[in-house]
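Undergrad: Build me a model from this:
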Amino acid sequence: MNNGSYNREVFHGGDLDHAMSVYGSGGPTWIDLSTGINPHPYPIPELSTEAWVRLPSASLEKRLHDAARLYYGISSETPLVAASGTQASFSYFPC
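TA: So this is what the prediction gives:
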């Protein structure tokens, strides 16, 4: 895709001009969530400095998994992956 052409069969977002040319112009109402860019961001609480400068420990990841299992009713045998987004999780499950 570095020559400006697109493989329409395997096109991943990030180019709203292309999407509008294919599906019709939506103007500023289009939101490209495939890249994590959203003009209306989710509200988040104030985060501690430590949250920005350290990776989570194994015990924090276990707490996250435990909370997800409880919330979604998932058994302890079901594998879980904590990832920063869908794109990052693709490397865990190669095609």
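Undergrad: Mind checking which residue lies nearest the centre of this structure?
TA: G85 (2.7 Å; C-alpha atoms, centre = their mean).
Undergrad: Within the helices and strands, which one has S75?
TA: Element membership for S75, per DSSP states H and E: none, as it lies in no helix or strand.
Undergrad: Now the residue lying closest to it once chain neighbours are set aside: which helix or strand?
TA: Counting by C-beta to C-beta, 6 or more residues apart in numbering, S75 lies nearest to R69, which is 7.3 Å off, once chain neighbours are set aside. The way it works is simple: take the backbone N, C-alpha and C, and place the C-beta from them, glycine included. Using DSSP H and E, R69 sits in helix 58-72.
Undergrad: quick one: average confidence on that helix?
TA: Average pLDDT, helix 58-72: 94.
Undergrad: can you list contacts of that helix?
TA: By C-beta atoms under 8 Å, 6 or more residues apart in numbering, the residues outside helix 58-72 that reach it are P56, I74, S75, S76, T78, L80, A82.
Undergrad: swap in stretch 80-93?
TA: When contacts are defined by C-beta under 8 Å, 6+ apart, stretch 80-93 is touched by residues G36, P56, E61, L64, H65, A68, R69, I74.
Undergrad: give me the number of residues near the fourth one?
TA: Counted with other C-beta atoms under 10 Å, the burial measure for L64 works out to 13 neighbours.
Undergrad: Equivalent analysis for the third one, please.
TA: With neighbours defined by other C-beta under 10 Å, the count for E61 comes to 13.
Undergrad: any idea how far L47 is from V53?
TA: Separation of V53 from L47 (C-beta to C-beta, to the nearest Å): 11 Å.
Undergrad: Same question for T29.
TA: Taking C-beta to C-beta as the measure, T29 and L47 are separated by 30 Å.
Undergrad: ditto for G73
TA: Distance of G73 to L47, computed by C-beta to C-beta: 29 Å.
Undergrad: cool, and E61?
TA: 17 Å.
Undergrad: Could you list the low-pLDDT ranges of this protein?
TA: Where the chain drops to pLDDT under 70, the residues are 1-14, 26-28, 33-37, 93-95.
Undergrad: hey, where'd the helices end up in it?
TA: Applying DSSP state H to the chain gives helices spanning 16-23, 49-53, 58-72, 86-89.
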